[in-house]
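Asks: Got a predicted model here, sequence first, then my questions.
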Amino acid sequence: MIGRGIALLRLDHVQLAMPAGGEEAARAFYGTVLGLDEVPKPSELAKRGGAWFRQGEIVLHVGVDEAFVPARKAHPAFRCADYDEFLKRLSAHGIAIAPDAVAFGGNRHCYIADPFGNRIELIES
């Protein structure tokens, strides 16, 4: 069987696309609103644009795509420690929240979009 004996250890990072010139909007959303820390990109990759973020085990790269189209179905999903407070924070920043009435593994969840229209799921822990 294909794949037997190969050990995938963990997900290293998730990359979302953005249009050229979107770095400041990415920093405002992922850094200020979601609370992720920006980490420096290696110099050989920095010239491509984009921004990298991290918080604990979460590693998110936002990269420039010249033919950018928002990911409206494919998406990262983040577990939230204080779901209700986090949603209040998002609302205070003017982020539209689309709750899903069907629980995800017994937990409430919702969808938001980054400034570029990429879908992001938030799940109550």
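Replies: Cool, the structure landed.

Asks: Mind pulling up the pLDDT for Phe68?
Replies: Looking at Phe68, its pLDDT is 98.

Asks: That one and Ala96: what is the separation?
Replies: For Phe68, the distance to Ala96 equals 20 Å [CB to CB, to the nearest Å]. Where you see a C-beta, it was placed from the backbone N, CA and C, and this is true even at glycine.

Asks: Compare these two (neighbour count), which wins?
Replies: Phe68 (16 against 10; other CB atoms under 10 Å).

Asks: Excluding chain neighbours, give the residue nearest to that one in space.
Replies: With sequence-adjacent residues excluded and distances taken as CB to CB, 6 or more residues apart in numbering, Phe68 is closest to Pro19, at 4.2 Å.

Asks: So the one you found is in contact with Val69, correct?
Replies: No - at 9.5 Å, Pro19 does not count as touching Val69 under the criterion of CB atoms under 8 Å.

Asks: Counting neighbours, go ahead and name the busier of these two.
Replies: More crowded of Pro19 and Val69, by other CB under 10 Å: Pro19, with 17 against 11.

Asks: so where's the protein uncertain?
Replies: Counting by pLDDT under 70, the chain contains low-confidence residues at 1-5.

Asks: Can you show me the helices along this protein?
Replies: Along the chain, the segments classed as helices by DSSP state H run 23-26, 43-46, 83-92.
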